[in-house]
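Colleague: Could you look at this predicted model? Sequence included:
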Amino acid sequence: MARILPSIDDSSRCGVTGVPGSIALPMGVMLTSLTLPESVRLERTTPNFTAETVPPGLLRGHKVASGTWGRLRVHEGSVTFVLEETGEARRLGAGDTQVIEPDVVHHVVVDPGSTFAVEFHR
């Protein structure tokens, strides 16, 4: 699932350079606008993870299964959510959430002292 974002030559912004008519948006703008579809319901939540207990698979590219939506919920500290395809990243602090679309490859970067969990919705 490619995201063509508006693009300008400014290294503090993301976008698809060299794509006519595209413009860059500040990092994380597309990510903050994601919401869970109204039709999905919470199925399960992972245990709380820390920098020491996070499964290694979450730290490298992986995806939520087709038909399943995720929501990353940060309880303490900060966690960065990164889309593999575009490099778009969003740093989340305590109380923040990030919706994760099905079939979109991503990874997380967990700061020391952070606690987070992932919810799965279908």
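Modeller: Structure's in. What do you need?
Colleague: Just the strands from this structure, written as ranges.
Modeller: 13-14, 25-26, 42-45, 49-50, 69-76, 78-83, 89-93, 97-100, 106-110, 115-121 (DSSP state E).
Colleague: Please name whichever of the ones you listed is nearest to residue 60.
Modeller: Residue 60 sits nearest to strand 106-110 of all these, at 5.5 Å, using Cβ to Cβ. Using the backbone N, CA and C atoms, a C-beta is placed for each residue, glycine as well.
Colleague: tell me what the closest one is packed against?
Modeller: Here strand 106-110 touches strand 78-83, going by 3 or more Cβ pairs under 8 Å, 6 or more residues apart in numbering; DSSP states H and E.
Colleague: now the angle between strand 106-110 and the strand it packs on, please.
Modeller: With axes from the mean of the first three to the mean of the last three Cα atoms, to 10 degrees as the basis, strand 78-83 and strand 106-110 are set at 160 degrees to each other.
Colleague: Helix or strand with the lowest mean pLDDT in this protein?
Modeller: Ranking every helix and strand in the chain by mean pLDDT, DSSP states H and E puts strand 13-14 at the bottom, with a mean of 34.
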